[in-house]
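In: Pasting the sequence and the predicted coordinates here, then a few questions.
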Amino acid sequence: MDRLGEVPPGPLREFQRVGADLYRQGLVTSHGGNLSLRDGHGMWITRTGARLGHIQDTDITYVQPSGAHSGAPPSSDTILHTTVYALSGAQAVAHAHPRHATAITFETDTFEPPDFEGQHHLKSVPVIENDATGTERLAHALQANLVVVLRGHGAYARGQDLWDALHWIMALEESAHIAWLKRTWDAAAPKE
Ligand SMILES: [Zn+2]
């Protein structure tokens, strides 16, 4: 069923709580990132310019498969979210700007988490070039991976709900931070 009215209270709470967690954890800036939830043939998605740390009902727009929307103009990433839902069974997609995970993309095409949690959940994380075909390649990469990173930009995660997508973004950032600390430690430690 396609929805044309306001976002229902349950999904709104999920957007608000996950958005607030992303903001409080420093995984997005005041106006960065976006979130979506599949509903029927379309999806609820944050509007362009929404502040994820302070989401109101007017910040969530329903977008139909045709691209038609009701409410505020949807996120500029709408086509990416639509493509992910078309290609996979994902029920939610989250985009954030985790700092260490983004910094690492400048020097690798695949991020291999060094820690147990990252290896267990994420295995290896593809880095996608941020160019004209990046959106399509990113959506395809999210079929086989829980989270992928767009070079020099940020992470995209899929899940059965927004909490799931938040989990993979936080796991990625924790792994990237540990990788960063390990490299710093290795460089600073006196050689035997
Ligand atoms: Zn972004």
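Out: Noted; the coordinates are in hand.

In: what about the protein, any weak spots by pLDDT?
Out: 1-5, 192 (pLDDT under 70).

In: Identify the single longest helix in it, thanks.
Out: Taking DSSP state H as the criterion, the chain has its longest helix at helix 162-188.

In: what comes up buried for that one?
Out: 162, 164-180 (16 or more other Cβ atoms under 10 Å). Just so you know, the C-beta spots here come from the backbone N, C-alpha and C atoms, and that holds for glycine as well.

In: Also stretch 16-29?
Out: By neighbour count, with 16+ other Cβ under 10 Å as the criterion, the buried positions of stretch 16-29 are 16, 18-19, 21-23, 27-28.

In: C-alpha coordinates for it, PDB please?
Out: The C-alpha coordinates for stretch 16-29 follow below in PDB (Å, rounded to 0.1, in the frame of the first residue of the first chain):
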ATOM      1  CA  GLN A  16      14.000  10.200  15.700                       C
ATOM      2  CA  ARG A  17      15.900   7.800  18.000                       C
ATOM      3  CA  VAL A  18      18.300   6.500  15.400                       C
ATOM      4  CA  GLY A  19      18.900  10.000  14.000                       C
ATOM      5  CA  ALA A  20      19.600  11.300  17.500                       C
ATOM      6  CA  ASP A  21      22.000   8.400  18.200                       C
ATOM      7  CA  LEU A  22      23.900   9.100  14.900                       C
ATOM      8  CA  TYR A  23      24.200  12.800  15.800                       C
ATOM      9  CA  ARG A  24      25.200  12.300  19.500                       C
ATOM     10  CA  GLN A  25      27.800   9.800  18.500                       C
ATOM     11  CA  GLY A  26      29.300  12.300  16.100                       C
ATOM     12  CA  LEU A  27      28.500  10.100  13.100                       C
ATOM     13  CA  VAL A  28      26.800  13.000  11.300                       C
ATOM     14  CA  THR A  29      27.100  16.800  11.500                       C
END
